[in-house]
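Enquirer: coordinates only, sequence not included:
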Ligand code: DNO
């Protein structure tokens, strides 16, 4: 597994690349051009500058998270072809700088959803949390403002203000898209871009819906074993694959993560892994925790062992961390707790490897 770390780019992230380089075992940066409006082609000059910057710190730039999908594609509008072409042109530029994996999602309008961005845990650290009751109470158009209020002035990935200006109008448009139509729209997108993913040797890795159930009546389909298999079967190219995010899929207690990893990993369809832990509360409620098994509800040893057993050699990154030691940063994306996560995952891997192969 190649260890990686999400960084939001120059002027966007308060964590210097130098600090990321100092995390033991770090191999690649996971980043994006967060300021480019969705649907526009990412300029090659900016990509080259970004790559040089990352390489100057001895790190690779192999993974992009995310190249977001324009709503017209998700809605299946006539204008979608133009945006699919822009996606392909961006892939071509990413190929030129040597990118190997693109993580993206197909969640309508909203990306990941939490109802609290800074819940205080018993040890005084802060973590993000989800309370089902609050999503039922809140008007979707107020959710953006609520997220913004708690984000400490940082823009949140997937919650770019530009994209969400017309949240209510966009949600309205989905009333006319059935779930079957939504699946058709995913297939149309895949059939358009996957031949170019093959040509440019870039693996596409869809991120599961987070949390993995419908919110505000919007179709959210990348949620469980059956739907993931259905997604993979829409286009059987090995370039059509997954970001296996343990925290997102794990929010549904029926998702048996080690078994999902074994199943899709042995098909060679996992290209990127997000590893983090969550703690179940009542019903669907949960809060995020430190990465260790003892801190949450997921068995991280079994998760990492499953990746190891299927010979997963793709990219992995620690995912959302808590805010600890007084750090102020983008919710979920501070330096300290994610660094602890990266080292913990590597500790598990070393132990599993040595116990398997002898010391
Ligand atoms: C949240 C992230 C998501 C993810 C996108 C992928 O922290 O896991 O925003 O990057 O869904 O497109």
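Expert: Here it is on my side, so go on. Given the structure is predicted, the values throughout are model-derived calculations rather than measurements.

Enquirer: The stretch 251-359 of the chain: strands as residue ranges?
Expert: Counting by DSSP state E, counting those that start in this stretch, residue ranges of the strands within the stretch 251-359 of the chain are 270-275, 278-280, 286-288, 315-318.

Enquirer: Give me the distance from the longest one to the chain's centre.
Expert: Read it as strand 270-275. Its chain's average C-alpha position is 9 Å from that of strand 270-275, according to C-alpha atoms, centre = their mean, to the nearest Å.

Enquirer: what are the bridge partners for the residue in the stretch 201-350 of the chain positioned nearest to the ligand, then?
Expert: Distance from the ligand to each residue of the stretch 201-350 of the chain (C-beta to the nearest ligand atom) is smallest for residue 207, at 3.7 Å. In this view, the C-beta of every residue, glycine as well, is placed from N, C-alpha and C. In this entry, residue 207 is beta-bridged to residue 105, by DSSP bridges.

Enquirer: For it, give me the pLDDT.
Expert: Listed pLDDT for residue 207 reads 98.

Enquirer: same deal with residue 162?
Expert: For residue 162, the model assigns a pLDDT of 66.

Enquirer: cool, the one 3 residues further on as well?
Expert: Residue 165 is assigned a pLDDT of 70 by the prediction.

Enquirer: Same check on residue 117?
Expert: Looking at residue 117, the pLDDT reads 94.

Enquirer: unless I'm mixing things up, it is touching residue 151, no?
Expert: Yes. Using C-beta atoms under 8 Å, residue 117 is in contact with residue 151, at 6.0 Å.

Enquirer: who has more neighbours, those two?
Expert: Neighbour count, other C-beta atoms under 10 Å: between residue 117 and residue 151, residue 117 has more, with 22 against 16.

Enquirer: can you pull the contacts of the more buried one?
Expert: Contacts here follow C-beta atoms under 8 Å, 6 or more residues apart in numbering; on that basis residue 117 touches 128, 147, 150-151, 331-332.

Enquirer: Which of the residues in stretch 138-155 are classified as buried?
Expert: Neighbour-count burial for stretch 138-155 flags 140, 143-144, 146-148, 151, 154-155 (criterion: 16 or more other C-beta atoms under 10 Å).

Enquirer: give me the number of residues near the closest residue to residue 24 other than its chain neighbours?
Expert: Using C-beta to C-beta, 6 or more residues apart in numbering and skipping the chain neighbours, the partner closest in space to residue 24 is residue 343 (6.0 Å). If you count neighbours by other C-beta under 10 Å, residue 343 ends up with 16.

Enquirer: do residue 294 as well
Expert: Counted with other C-beta under 10 Å, the neighbours of residue 294 add up to 8.

Enquirer: Roughly how far does it sit from residue 279?
Expert: Residue 294 sits 11 Å away from residue 279, taking C-beta to C-beta, to the nearest Å as the criterion.

Enquirer: now residue 42
Expert: For residue 42 relative to residue 279 (C-beta to C-beta), the value is 37 Å.

Enquirer: out of the two, which sits in the more crowded spot?
Expert: residue 42 (21 against 17).

Enquirer: residue contacts, the residue lying closest to the more buried one once chain neighbours are set aside?
Expert: Spatial nearest neighbour of residue 42, chain neighbours left out: residue 90 (4.6 Å); criterion: C-beta to C-beta, 6+ apart. Going by C-beta under 8 Å, 6+ apart, residue 90 touches 41-42, 67.

Enquirer: Helix or strand: which one has residue 90?
Expert: Using DSSP states H and E, residue 90 falls within helix 80-96.

Enquirer: repeat for residue 243
Expert: Per DSSP H and E: strand 240-245 holds residue 243.

Enquirer: Show me how far the helix holding residue 90 is from its chain's centre.
Expert: Worked out by C-alpha atoms, centre = their mean, helix 80-96 lies 20 Å from the chain centre.

Enquirer: now swap in stretch 89-98 and tell me
Expert: On C-alpha atoms, centre = their mean, the centre of stretch 89-98 falls 20 Å from the chain's centre.
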